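Asker: Any chance you could fold what I've pasted below:
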Amino acid sequence: MRNKNLYPENWADEIRPAILKRDNFKCQMCPVKHRQYVFFDQSNKMIIIDRAECEELKANGYKAYRVYLQVAHRDHLKIDHSPENLFSLCPRCHRLYDKRYDTLLRLASYVKPLPPPSLRSVGVLRLPQ
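Answerer: Numbering: from 1, shown residues only. Below is the predicted model:
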């Protein structure tokens, strides 16, 4: 959660736990479960491991960690905290889900808005052909 001011006071105590429980403590885009240990191999494939394997991999310099599920907004707007708009994602899937939206926002920022129709119709502004 980047900015706690955007979330209601009962987010951590009521809303988030209710969504995780509703989703059976499982990421809705991949097979990982809340607090499960994972490792990503050289091809970036996720492998679910146990705690001992996680510690062994870390001791040998590999990146293995415990997954804590996050609750994402389907419409990406942090003003709608209704259960229908929320779902559980692991951090990796949450980044991928938000990346698509962020890319669209970035592309939309490159498009120059047209002037109001009233200015175009009277010939005050000439649009490039």
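Asker: name the element Lys112 belongs to?
Answerer: Under the criterion DSSP states H and E, no helix or strand holds Lys112.
Asker: now the strands for the chain?
Answerer: Ranges of strands in the chain, per DSSP state E, are 37-40, 46-49, 64-66, 70-73, 86-89.
Asker: just for the protein, where's the confidence low?
Answerer: 1-2, 113-129 (pLDDT under 70).
Asker: Quick one: residues contacting Pro8.
Answerer: Ile15, His81 (CB atoms under 8 Å, 6 or more residues apart in numbering). For the C-beta atoms, the positions are set from N, CA and C on the backbone; glycine is no exception.
Asker: which residues touch the helix ranked longest in the chain?
Answerer: Across the chain, the longest stretch assigned as helix under DSSP state H is helix 91-110. The contact list for helix 91-110 (CB under 8 Å, 6+ apart) reads Cys27, Gln28, Met29, Cys30, Met46, Val67, Tyr68, Gln70, Ala72, His76, Leu89.
Asker: same thing but 10 Å
Answerer: 27-30, 32, 38, 40, 44, 46, 65, 67-76, 87-90 (CB atoms under 10 Å, 6 or more residues apart in numbering).
Asker: Mind giving me the PyMOL select for these, buried ones only?
Answerer: Buried subset of those, written as a PyMOL selection, criterion 16 or more other CB atoms under 10 Å:
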select buried, resi 27+29+32+38+46+67+69+70+71+72+73+87+88+89+90
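Asker: That's all I had, so thanks and see you.
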